[in-house]
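1. Pasting the sequence and the predicted coordinates here, then a few questions.
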Amino acid sequence: MIRKFWVPTNPPHKLGEHLAKNFFGTELAPDPNAELGDTNIHYGILHGGEKLYERCKAAGKNYVHVDHGFWGRTDDLNSTKGHFRFSLNSQANILSKLSNGVDHDRLVSFMKKGLVDLGRKRLPRSDKKLILFQPPSIHMRNYWKLKEDFNTQVLKALRSKYPNPVVTVEKGSKKPPEDQVWMSVSFNSASLFDALARGQEAMSCWHVSPWPFESPDLDDVQWHECRHELFSYMAGRTFDFEEMQTGRALFDMLNNGEIP
């Protein structure tokens with residue numbers, strides 16, 4: 001089994017290169033035209049990732065997409081700090097299987113570190129509070145080849161199904177106070193996890209999502225069980241640089257199947 005970590009091509013920062021050079025047990029692949037491995041790992045999609053993934057699909061090879069973690073992430077794109085999430089054969093993590101014991105142990109460790117707090121209960125239904133819609137970024141629109149009216153159709157569907165006022169909030173812009181929000185809707189964003197941790201409803205506006213539920217359709221017991229399962233699943237696919245260097249990331253994901 002040959003695993004290669006591909007260095008992003010011509011990025012304006014060092015993060016992808018740092019990741020490639022610090023992932024235990026992989027062969028460094030600096031040449032974008034080199035022969036594919038059996039499993040091909042790459043950070044981001046903006047600097048060679050999309051082309052690599054298409055090559056892998058055509059050749060029947062696995063690829064693992066690496067991106068910033070949904071919690072514990074870094075804003076310093078030249079550092080060796082922060083947590084990163086790994087996703088097999090997809091740009092977005094998909095809740096495709098149940099988490100295992102390793103994943104549950106990871107979640108416990110994140111909670112002890114204060115990175116994840118699942119102590120808050122589910123908020124009661126409220127037709128007066130807001131639904132926040134965070135549109136997909138231009139990168140996601142291009143990668144998934146979304147139609148021009150994608151945002152319009154999402155807003156139309158939300159307003160036809162729920163009586164709540166719907167507010168569009170672009171990524172990075174100021175959001176309404178937490179106590180005014182009932183549900184957050186996003187494409188594939190950390191905001192989905194933030195909302196669930198706060199006890200708010202959450203919904204993905206795309207079929208590829210780690211939260212494959214329409215939250216309001218779950219009863220309270222189901223909602224809490226699904227939330228715990230999601231956070232366990234993602235904890236088992238989220239690692240920092242030290243865990244990559246020591247092999248912890250590789251061995252845990254060999255265990256849960258995220259890296260073949």
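-> Done, it's in. Residues are numbered from 1 along each chain as shown.

2. going forward, measure contacts and count neighbours with C-alpha atoms only.
-> OK.

3. where's the closest residue to P30 other than its chain neighbours relative to L36, distance?
-> Spatial nearest neighbour of P30, chain neighbours left out: V7 (5.0 Å); criterion: CA to CA, 6 or more residues apart in numbering. Using CA to CA, to the nearest Å, we find V7 at a distance of 13 Å from L36.

4. Between these two, which is the more surrounded one?
-> V7 (26 against 20; other CA atoms under 10 Å).

5. so the more buried one makes contact with T26?
-> No: counting by CA atoms under 8 Å, V7 does not reach T26; the two are 11.8 Å apart.

6. which non-adjacent residue is nearest the residue of the chain most remote from its centre?
-> Using CA atoms, centre = their mean, the residue of the chain lying farthest from its centre is K128. It sits 29.7 Å away. Excluding the flanking residues, the one nearest K128 by CA to CA, 6+ apart is N164, at 5.6 Å.

7. How many residues are close by that neighbour?
-> So N164, with other CA under 10 Å, has 19 neighbours.

8. Name the next helix or strand following the least confident helix or strand in the chain by mean pLDDT along the chain.
-> The weakest-scoring helix or strand in the chain, judged by mean pLDDT, DSSP states H and E, is helix 138-143 (a mean of 87). As assigned by DSSP states H and E, the chain's next helix or strand after helix 138-143 is helix 150-161.

9. so who does L28 touch?
-> For L28, the contact set (CA atoms under 8 Å, 6 or more residues apart in numbering) comprises 4-7, 20-21.

10. Tell me which of those residues fall in strands.
-> Using DSSP state E, 4-6 are the members of the contacts of L28 that sit in strands.

11. Can you lay out these as TSV showing distance to G69?
-> Output for those, formatted as TSV (distance: CA to CA, whole Å):
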residue	distance to G69
K4	21
F5	18
W6	19
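
12. want to throw these into CSV with neighbour count, distance to S99 and pLDDT?
-> Shown next, in CSV, are the ones in strands among the contacts of L28 (neighbours: other CA atoms under 10 Å; distance: CA to CA, whole Å; pLDDT from 0 to 100):
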residue, neighbour count, distance to S99, pLDDT
K4, 24, 25, 98
F5, 27, 25, 98
W6, 28, 27, 98
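
13. what's the closest of these to K81?
-> Of all the ones in strands among the contacts of L28, K81 sits closest to F5, with 18.1 Å by CA to CA.

14. dump the residue contacts of that closest one.
-> Contacts of F5 (CA under 8 Å, 6+ apart): 20, 23, 26-29, 40-42.

15. could you redo the last one with a cut-off of 10 Å?
-> Counting by CA atoms under 10 Å, 6 or more residues apart in numbering, F5 touches 16-17, 19-30, 37, 39-43, 63-64.

16. partners of it in the sheet?
-> Taking DSSP bridges as the rule, F5 bridges to L28, I41.

17. Pull up the gap between it and G119, please.
-> Here F5 is placed at a distance of 37 Å from G119 (CA to CA).

18. now N22
-> N22 sits 34 Å away from G119, going by CA to CA.

19. cool, and G48?
-> For G48, the distance to G119 equals 40 Å [CA to CA].

20. The stretch 51-200 of the chain: helices as residue ranges?
-> Under the criterion DSSP state H, counting those that start in this stretch, the stretch 51-200 of the chain contains helices at 101-112, 138-143, 150-161, 190-197.
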